[in-house]
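In: My questions concern the predicted model and sequence given below.
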Amino acid sequence: MEFDIKKVAELARLNLKPEEQAKLEKDLSAILDYVKKLEKLDTSKVEPTSHVLDMENVFRADEVKPSDAADKALKHAPQADGRFFKVPKIVQRD
Amino acid sequence: MADLCSLTLKEAIEAAKKDGPGPLIDAFAKRAQAVNPKLNAFLRFDPSKIENGKGAPLYGVPISIKDNICIDGREVTCASKILEKHVPPYNATVIEKLKTAGATLFSQCNMDEFAFGSSCETSAFGPCKNPWDLMRVPGGSSGGSAASVAADMTVAALGSDTGGSIRQPAALCGVVGVKPTYGRVSRYGLIAFGSSFDQIGPFAKTVEDAAILMNIISGHDPKDSTSSPEKMPDLTQALKRDVKGLKIGLPKEYFIEGIDPEVEKSVRAAAEIYKKLGAEIKQVSLPHTEHSVAVYYIVAVAEASSNLGRFDGVEYGLRVPTKDLREMYFETRDRGFGREAKRRILLGTFVLSAGYYEAYYLKGQKVRTLIRQDFEKAFKEVDVILSPTSPTPAFKIGEKAADPIAMYLSDIFTIPANLAGIPAMSVPCGFTSGGLPIGLQLMARPFDEATMLRAAYSFEQETGIYKKKPKLD
């Protein structure tokens, strides 16, 4: 199975080290060849299963409840500024 | 003091009631300190303060937790560098339930990175070892939970099961492991791998102990929209030595080439024991079994790649400093994730990507339906399905590490229950000539854990196999 690992890695936001790229490419091709055997099955009249429970649209009341999770999360953030997570610049000026 | 460590949960509850939990905690702390350097089953060891005293059902007894379940204020890593030093700001629902029941949250258990593996070898903090043979794997992904229960380092433990991650290590370590029906136990606070498969469940020394823990951790949770409102019976009431008239199915597709002859012999002998006890043994067919691993490695990795998108260095865990945001994502994920995590993220991203979605992901979901229907048909004829848990006993560390497909195939008997969402468990059923434990898998209809546990209990009490312990001293 042809597999453009560079493109998929880009989509997955993963840098791959050159030494691991070849091995991963080989593994993934082998796995895709393995799962290809599903093609033999006729599923034209089969509904897909995305979920096994017979439940849909589970709602709960949208109520305000006390929580200190935000404070704790900010305390352990890689970088925070007041009530915000701080990240590097999004757009670089040339 | 070694005696205290070999107590069952039932006995430990009584001991704590009588003498307080102090002696119990001290004994386990000593045992864990002595044994953990050999096994690497615990990543962190930090017994919590007991919040509920005498009278609480688990008063003080030490329960250990797989390191993908969040405990407020305690580091959780998923055995990954990307989460090292991450401190979650809330408790998982199962943790709240254990605390309310008075349990001591004892240690946090080693696992495959993000639960991606069947051997505990992909942990970023070194592999966990099998207490029955230190050269062998404990199974995975909940290897640390299984090994620590087998080695008397904790009374019981929680793990999670996406494709066999409770049952396979339970089998390889010779303990009881239960994967509840999907929706039975809240996933709130379990760091997600495959959201339509994941279930938290107990590891214990006996079936009764597993039932005690199931009673405590199960039930509807408004914080998990996939948690079922189905009523939970008292499972300890189901534990009767009675399988008369119970219909037990042996799926013919589970006794295939590649299965270890000693495993097959042991499981067939178990079927004979059930027959002797009055159960009716029938052959059943689950014709799509051979496709389960392929379906799983499409659908579960798709869910995983999506779930792991959140690890980007912004809000928690590792961040590699870079000059711009985009580079930060790539660098952080490169350095944070191990090879198996990368493999699955890439595979999941691929099967969900434009042009391949229908051929892989949608196809996988459709075959998942066929596998569910296999079980629906089989459960019209039988009450319980019996099979080996794993095709082989514990394999050697490194033996399958280089070949992902060989590793994935070690879950061939456990994956179908996750695809169908049904309850399943592993119970010890014997040993190989080399002294390695063998596990028997029992599967039941959705929400019928009671029948499954009754069948397991009857077998366990009849054979007494669980009494044998590994020699570590």
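Out: Sure, I can see it.
In: wait, doesn't residue B:317 sit right on residue B:337?
Out: No: at 10.9 Å, residue B:317 does not count as touching residue B:337 under the criterion of C-beta atoms under 8 Å. Backbone N, C-alpha and C define where each C-beta goes, glycine included.
In: Spell out which residues are contacts of both of the two.
Out: Here residue B:317 and residue B:337 have B:82, B:311 as joint contacts, going by C-beta atoms under 8 Å, 6 or more residues apart in numbering or on different chains.
In: Now the element after the longest helix along chain A, going C-ward?
Out: In chain A, assigned by DSSP state H, the helix with the most residues is helix A:18-35. Following helix A:18-35 in sequence order, the next helix or strand is helix A:69-75 (DSSP states H and E).
In: Give me the residues contacting that next one.
Out: Counting by C-beta under 8 Å, 6+ apart, A:80, A:83, A:85, B:72, B:73, B:87, B:89, B:90, B:315, B:316 sit against helix A:69-75.
In: can you pull the buried residues of that helix?
Out: Under the neighbour-count criterion of 16 or more other C-beta atoms under 10 Å in any protein chain shown, helix A:69-75 has A:72, A:73, A:74 buried.
In: Check whether whatever helix or strand comes next after it comes into contact with chain B.
Out: Going down the chain from helix A:69-75, the next helix or strand is strand A:80-81, by DSSP H and E. No: using C-beta under 8 Å from any C-beta of the partner chain, strand A:80-81 stays clear of chain B, coming no nearer than 9.2 Å.
In: Pairing partners for strand A:80-81, with directions?
Out: strand A:84-85 (antiparallel) (DSSP bridges).
In: Distance from the chain centre to the partner strand, please.
Out: 22 Å (C-alpha atoms, centre = their mean, to the nearest Å).
In: Also stretch B:244-260?
Out: Stretch B:244-260 has its C-alpha centroid displaced from the chain centroid by 21 Å (C-alpha atoms, centre = their mean).
In: From residue B:270, how far out is the residue nearest to the spatial centre of chain A?
Out: Centroid-nearest residue in chain A, with C-alpha atoms, centre = their mean: residue A:12, separated by 7.3 Å. Distance from residue A:12 to residue B:270, counting by C-beta to C-beta, to the nearest Å: 44 Å.
In: who's in contact with residue B:82?
Out: B:311, B:317, B:318, B:332, B:333, B:336, B:337.
In: Please name the nearest non-neighbouring residue to the fifth one.
Out: In space, not counting the residues next to it along the chain, residue B:333 is nearest to residue A:14; the distance is 5.2 Å by C-beta to C-beta, 6 or more residues apart in numbering or on different chains.
In: Any idea how many residues pack against the one you found?
Out: When neighbours are counted by other C-beta atoms under 10 Å in any protein chain shown, residue A:14 registers 22.
In: So it is in contact with residue B:332, correct?
Out: No: under the criterion of C-beta under 8 Å, residue A:14 makes no contact with residue B:332, lying 10.0 Å away.
In: Filter the contacts of residue B:82 down to just the ones in helices.
Out: B:332, B:333, B:336.
In: quick one, what contacts the last one?
Out: So the one you mean is residue B:336. Contacts here follow C-beta under 8 Å, 6+ apart; on that basis residue B:336 touches B:80, B:81, B:82, B:83, B:311, B:313, B:317, B:318, B:320.
In: which of the residues you listed tops the neighbour count?
Out: Neighbour max across the contacts of residue B:336 (other C-beta under 10 Å) = residue B:80, 28 neighbours.
In: follow-up on the earlier one: just the buried residues of helix A:69-75 now: which is nearest residue B:259?
Out: Using C-beta to C-beta, residue A:73 is the member of the buried residues of helix A:69-75 that lies nearest residue B:259, at 47.5 Å.
In: Next, find the distance separating that closest one from residue A:19.
Out: Going from residue A:73 to residue A:19 by C-beta to C-beta gives 36 Å.
In: per-residue pLDDT, the closest residue to residue B:327 other than its chain neighbours?
Out: In space, and not counting its chain neighbours, residue B:327 is closest to residue A:88: 7.8 Å by C-beta to C-beta, 6+ apart. For residue A:88, the model assigns a pLDDT of 93.
In: again with residue A:19
Out: Reported pLDDT at residue A:19 in the predicted model: 86.
In: Any idea how many residues pack against it?
Out: Here the number of neighbours of residue A:19 (other C-beta under 10 Å) works out to 7.
In: Now do the contacts for residue A:26.
Out: For residue A:26, the contact set (C-beta under 8 Å, 6+ apart) is empty.
In: Low-confidence regions, the chain specifically.
Out: Because you didn't say which chain, this covers chain A. Applying pLDDT under 70 to chain A flags the ranges A:1, A:93-94.
In: That was the other one, I meant chain B.
Out: Looking at chain B by pLDDT under 70, you get B:1-2.
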